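Q: 3D, please:
(2 chains)
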Amino acid sequence: KAGVTQTPRYLIKTRGQQVTLSCSPISGHRSVSWYQQTPGQGLQFLFEYFSETQRNKGNFPGRFSGRQFSNSRSEMNVSTLELGDSALYLCASSLNQQGHGYTFGSGTRLTVV
Amino acid sequence: GENVEQHPSTLSVQEGDSAVIKCTYSDSASNYFPWYKQELGKRPQLIIDIRSNVGEKKDQRIAVTLNKTAKHFSLHITETQPEDSAVYFCAASGASGGSNYKLTFGKGTLLTVNP
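A: Alright, predicted model coming up:
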């Protein structure tokens, strides 16, 4: 079966712009989480959604937002991009309602210039 | 909130030796502890996980142990092979409050298996 699909794979944006990243979970998975991965900070939790409800949010500024649609697909948006937002953004999905056993996508590599 | 410390940050072993990576967590309410392997340029992949009601779990050459009293858990890889070379991440997840539905990751261990 298809894995977690993230689009686009690579993105270059200018400071001040906004960006939307997309994630399609494994079919049947309703829990979707987003993580930011950087060399300095490692893997940092952004948000988690289940059945269109955000159940938890990480310690990121309000410029980071997300949502989940009725088909479990999820998007995250970053507004007013800063150089420090350059990172690999990973989406993960789980069949388990508790969010156990996450399968990660290959990520979107965002570069802010 | 939860804090996960992981040691060592780098580990180099000879092929066939064993490798051990250790993690400690701060939130005694954490109840789920997965380990992920990430090869260079690839996505993290779940290799094994353990829940708080279990002390040890094995899957072929990989095992994880959990000590809830001391709040630490470890990954053991036996008979290491060059293809085990990767960055390994431990994580913890809780059952309530701010730790619910999220994984808090350690900083990772770069394992190098020398042929």
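
Q: separation between the residue nearest to the spatial centre of chain B and chain A?
A: Centroid-nearest residue in chain B, with CA atoms, centre = their mean: residue B:90, separated by 3.4 Å. Applying CB to the nearest CB, to the nearest Å, the value for residue B:90 to chain A is 11 Å. From N, CA and C alone the C-beta is placed, and that goes for glycine too.

Q: So what pairs up with residue A:90 in the strands?
A: Beta bridges link residue A:90 to residue A:35, judged by DSSP bridges.

Q: So it is in contact with residue B:43, correct?
A: Yes: counting by CB atoms under 8 Å, residue A:90 does reach residue B:43; the two are 6.9 Å apart.

Q: what sits in contact with each of those two?
A: A:104-105, A:107 (CB atoms under 8 Å, 6 or more residues apart in numbering or on different chains).

Q: ok, back up a step: which one of residue A:90 and residue B:43 has more residues nearby?
A: residue A:90 (25 against 20; other CB atoms under 10 Å in any protein chain shown).

Q: remind me which residues of the chain are low pLDDT?
A: Reading this off chain A. Where chain A drops to pLDDT under 70, the residues are A:1.

Q: Please refer instead to chain B.
A: B:96-99.

Q: what about the strands in chain B?
A: B:4-7, B:10-14, B:19-25, B:32-38, B:45-51, B:56-59, B:62-67, B:72-77, B:86-92, B:104-105, B:109-114 (DSSP state E).

Q: same question, chain A
A: A:5-7, A:10-13, A:19-24, A:31-38, A:42-50, A:53-57, A:64-68, A:74-78, A:87-94, A:103-104, A:108-112.

Q: So what sits opposite residue B:111 in the bridge?
A: Under the criterion used (DSSP bridges), residue B:111 bridges to residue B:11, residue B:86.

Q: and it, what does it touch?
A: B:11-13, B:19, B:21, B:77, B:80, B:84-88.

Q: My read is that residue B:15 contacts residue B:112, right?
A: No: look at residue B:15 against residue B:112 with CB under 8 Å: they stay out of range, at 10.6 Å.

Q: I'd like to know which of the strands of chain A lies nearest to residue B:94.
A: The stretch from the strands of chain A with the least distance to residue B:94 (CB to CB) is strand A:53-57; that distance is 9.9 Å.

Q: How about the residues of chain A by chain B?
A: A:31, A:33, A:35, A:42-45, A:48, A:50, A:55-56, A:58, A:90, A:98-107 (CB under 8 Å from any CB of the partner chain).

Q: Once you drop chain neighbours, what's closest to the most centrally placed residue in chain A?
A: Nearest to the geometric centre of chain A sits residue A:34, at 3.4 Å (CA atoms, centre = their mean). Nearest non-adjacent residue to residue A:34, counting by CB to CB, 6 or more residues apart in numbering or on different chains: residue A:46, 4.0 Å away.

Q: same thing with residue B:67?
A: Residue B:67 sits nearest to residue B:73 (CB to CB, 6+ apart), 7.0 Å away.

Q: how many neighbours does residue A:96 have?
A: Residue A:96, neighbours per other CB under 10 Å, totals 12.

Q: Unless I'm misreading it, it sits right up against residue A:31, doesn't it?
A: Yes: Residue A:96 lies in contact with residue A:31 (CB under 8 Å); the separation is 6.9 Å.
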